[in-house]
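[1] One predicted model, sequence on top.
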Number of protein chains: 2
Amino acid sequence: MADQDLIPFSDKYKRIATEEAWAPEELLKMYADLYNSKTYDDPGFDSLWGFYGSSMEPRPATVRRKLADLDDERIADMDAAGIDFAILSLTSPGVQVFDRDTAVTLARDSNDMLKEAIDRHPDRYAGLCAIAPQAPELAALELERCKNLGFRGIINNSHTFGEYLSDPKFWPIFEAAEAMDMPIYLHPTTPPKNMIEPMLEVGLDGAIFGFGAETGMHMLRIITAGVFDRFPKLQMIIGHMGEALPYWMYRLDFMHNAQVSSHRYETLKPLQKKVSDYLKEHVTITSSGMAWEPAIKFAQQQIGLDRVMYAMDYPYQYVKQEVTDMDNMDMSDEHKKMFYQDVATKVFKL
Amino acid sequence: MADQDLIPFSDKYKRIATEEAWAPEELLKMYADLYNSKTYDDPGFDSLWGFYGSSMEPRPATVRRKLADLDDERIADMDAAGIDFAILSLTSPGVQVFDRDTAVTLARDSNDMLKEAIDRHPDRYAGLCAIAPQAPELAALELERCKNLGFRGIINNSHTFGEYLSDPKFWPIFEAAEAMDMPIYLHPTTPPKNMIEPMLEVGLDGAIFGFGAETGMHMLRIITAGVFDRFPKLQMIIGHMGEALPYWMYRLDFMHNAQVSSHRYETLKPLQKKVSDYLKEHVTITSSGMAWEPAIKFAQQQIGLDRVMYAMDYPYQYVKQEVTDMDNMDMSDEHKKMFYQDVATKVFKL
């Protein structure tokens, strides 16, 4: 890389990247072992980690190496891209593909490892707490432990064995998150086996389409289940410019009202507010994978300037040109500072 | 309805509504019979027509009555909403849930019925040709017959028994559409049984979410299969402001390139152009169900002013206030005329 490719730090704002993935080498090996064992019936996991876990193509090999590094390479990459600070989270699918006891232990161990890295680089990193939704009550306890360790929020990689946080059995996690005042980042994973097939058969199950369809649905399930009516102080985060939900807001409101008022589904109950109100009052959106001014401005205008923040999606989308593109957006310095720094500072209490 | 609720016709533009549904009473009865027979294994069909086919709630009962009317009530509703002209199409799922022979006959009969209605109201209606993808070669012949009857395009209600037009076995339909210079409207239906479950179990399988996820995926399947490389003059139409694909364009381009160049999928092949280029050059978008200025302007800016047109989605979304909202958009009269009239006139050769 030539020196002129380096992006200097900005004197107008700190660039805080908010959806930055890591994974211990042990976990990457466990993913590879799980894939090779053929004992886990999840075609989405097989698609994602059958590729990222072992392919020697440059993209997956680089992703594996960078995921496992929490020191020299990552800091050098941040320096080269002018990223001041990163909110780190355990990569998808986290511990959510293992049995309950394994998952609980892995979540705890990975949080301890991340805490050590943060202590080595306190001016560059903060962390999100990994949890095992397989054990909701223990997850709530791990949240409390993470809060005391200085973690700034929670990472949940969408569904767990095809189950969604909209199911009340998971609500101890929401209860703890609200009580600890920690936001939950709802990160994508591949769609579950009862959803993925028409995408998988043509290679659309991953980040190109399946991630967004599944995670957008998950967020909508959480809203329509009444989670924010039950936990009115709960805050959540979704990436990829809101997984298209900001674009759908009008239709979500119209059709939710139409279907509730015509009693089409027993499962679809009246809510205290419009679907779009929950997005505007309970969800912060990041630009991970969507370093695209038109979508960023759309979300800022529709959801709120104080609810849209920057993410790089390192190491999956480590593209320095995107930082330049974000710097060059036709946007006031004040609003750019909100996007890069102020919203993240507030959401994560940095 | 009070007189002041009537919306006068505009002297600045004709309002052409482009995704307007109808269904013969016989077809509605066949949907009800198919549902009651319990012989058709499609939970999405059961969800949609188990509700719209028999519910006595005001919304579905009104939808049924208005779907079957091609004369007095429909014309009166168009007059009341100031709609000059409607492009009519057989409602979802069309004939795509019946056996091959039944579907071929039904498509032909429904086209004949629609032709008669157009002849009764030639200054108010044009029609899209219903086809049975179950028999692609016969569908191509029906297209030719429809062309000679004056039809302006083709309606396809997304998947057929879980199969997608991206499968080359359906490409005789694309070949005929290109040869006849007739656009194909890719209308939603409920997701197939290998995709619908996580949506269905919480009432999100229909227009509120499942329609858009499935139809957006279908359009993306058509693009990534290389259909527009093979049929470079083919034109298609999608509703609901593009089923969110305009909002996703940046990520679609980035991830398609990333996945093709890393050889992740054998099924995902290089294309001649970027994914977004096909949207801009081969797809026209309608505002059905999305009478919302921010999304309309976003699509106009990203896909093109000459590729965004009005639709009401009658009778599913017969809301006169939405016409007023569209009239009052902060948009030049020239661009409003494009939206309401000029784009449709060009796409459908009216």
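    Okay, I see it.

[2] and the next element down the chain from the helix or strand A:Ala107 falls within?
    Using DSSP states H and E, A:Ala107 sits within helix A:100-120. Following helix A:100-120 in sequence order, the next helix or strand is strand A:125-130 (DSSP H and E).

[3] Give me the angle between the very next helix or strand once past that next one and strand A:125-130.
    Under the assignment DSSP H and E, the closest C-terminal helix or strand after strand A:125-130 is helix A:136-149. Helix A:136-149 runs at 160 degrees relative to strand A:125-130, counting by axes from the mean of the first three to the mean of the last three CA atoms, to 10 degrees.

[4] What residues of helix A:136-149 count as buried?
    A:Pro136, A:Leu138, A:Ala139, A:Ala140, A:Glu142, A:Leu143, A:Cys146, A:Lys147 (16 or more other CB atoms under 10 Å in any protein chain shown). For every residue, glycine as well, the C-beta is placed using N, CA and C.

[5] residues from the stretch 101-250 of chain A in reach of chain B?
    A:159, A:162, A:164, A:166, A:191-192, A:194-199, A:201-204, A:206-209, A:212-214, A:216-217, A:220-221, A:224-225, A:240-241, A:244, A:246-250 (CB under 8 Å from any CB of the partner chain).

[6] Which of the residues you listed fall in helices?
    Among these, the members falling in helices (DSSP state H) are A:197-199, A:212-214, A:216-217, A:220-221, A:224, A:240-241, A:246-250.

[7] Please produce TSV containing the buried residues of helix A:136-149, extended by distance to B:Phe98 and pLDDT.
    Output for the buried residues of helix A:136-149, formatted as TSV (distance: CB to CB, whole Å; pLDDT from 0 to 100):
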residue	distance to B:Phe98	pLDDT
A:Pro136	46	98
A:Leu138	52	98
A:Ala139	48	98
A:Ala140	51	97
A:Glu142	53	98
A:Leu143	53	98
A:Cys146	56	98
A:Lys147	58	98
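
[8] So which of these is the closest to A:Val283?
    Within these, proximity to A:Val283 (CB to CB) peaks at A:Leu143, which comes in at 19.2 Å.

[9] could you pull out the strands for the stretch 151-300 of chain A?
    A:153-156, A:184-186, A:236-238, A:283-286 (DSSP state E, counting those that start in this stretch).

[10] contacting residues for the nearest residue to A:Pro191 once chain neighbours are set aside?
    Excluding the flanking residues, the one nearest A:Pro191 by CB to CB, 6 or more residues apart in numbering or on different chains is A:Glu214, at 4.1 Å. Applying CB atoms under 8 Å, 6 or more residues apart in numbering or on different chains, we find A:Glu214 in contact with A:Ser158, A:His159, A:Pro188, A:Thr189, A:Thr190, A:Pro191, A:Pro192, A:Met195, B:Pro198.

[11] one more time with 10 Å, if that's ok
    A:Glu214 makes contact with A:44, A:158-159, A:164, A:188-192, A:195-196, A:199, A:205, A:243, B:198, B:213, according to CB atoms under 10 Å, 6 or more residues apart in numbering or on different chains.

[12] May I ask which of these has the most neighbours?
    Neighbour tally across the contacts of A:Glu214 (other CB atoms under 10 Å in any protein chain shown): the maximum, 32 neighbours, falls on A:Pro191.

[13] Next up, the contacts around the closest residue to A:Asn257 other than its chain neighbours.
    Excluding the flanking residues, the one nearest A:Asn257 by CB to CB, 6+ apart is A:Lys274, at 7.9 Å. A:Lys274 sits next to A:Ile223, A:Met249, A:Leu252, A:Asp253, A:Phe254, A:His256, A:Asn257, A:Lys280 when contact means CB under 10 Å, 6+ apart.

[14] Quick check, the residue in the stretch 251-350 of chain A closest to chain B?
    Distances between the stretch 251-350 of chain A and chain B by CB to the nearest CB are smallest at A:Tyr265, namely 3.2 Å.

[15] Tell me who's in contact with the residue in the stretch 101-250 of chain A that chain B sits nearest to.
    Nearest to chain B in the stretch 101-250 of chain A, going by CB to the nearest CB, is A:Gly203, at a distance of 3.2 Å. A:Gly203 is in contact with A:47, A:209-210, B:221, B:224, B:256, B:259-260, B:264-269, counting by CB under 10 Å, 6+ apart.

[16] ok, of those residues, which one's closest to A:Leu234?
    When the contacts of A:Gly203 are compared for distance to A:Leu234 (CB to CB), A:Gly210 wins out at 26.2 Å.

[17] Return the distance of the residue nearest to the closest one when sequence neighbours are not counted relative to A:Asp72.
    Nearest residue to A:Gly210 in three dimensions, chain neighbours excluded: A:Met199, at 4.5 Å (CB to CB, 6+ apart). Distance, A:Met199 to A:Asp72, by CB to CB, to the nearest Å: 37 Å.

[18] coming back round to it: next one, pLDDT for the residue nearest to A:Asn257 please.
    A:Lys274 carries a pLDDT value of 98.

[19] got it, and the one 4 residues further on?
    According to the model's per-residue confidence, A:Tyr278 sits at a pLDDT of 98.
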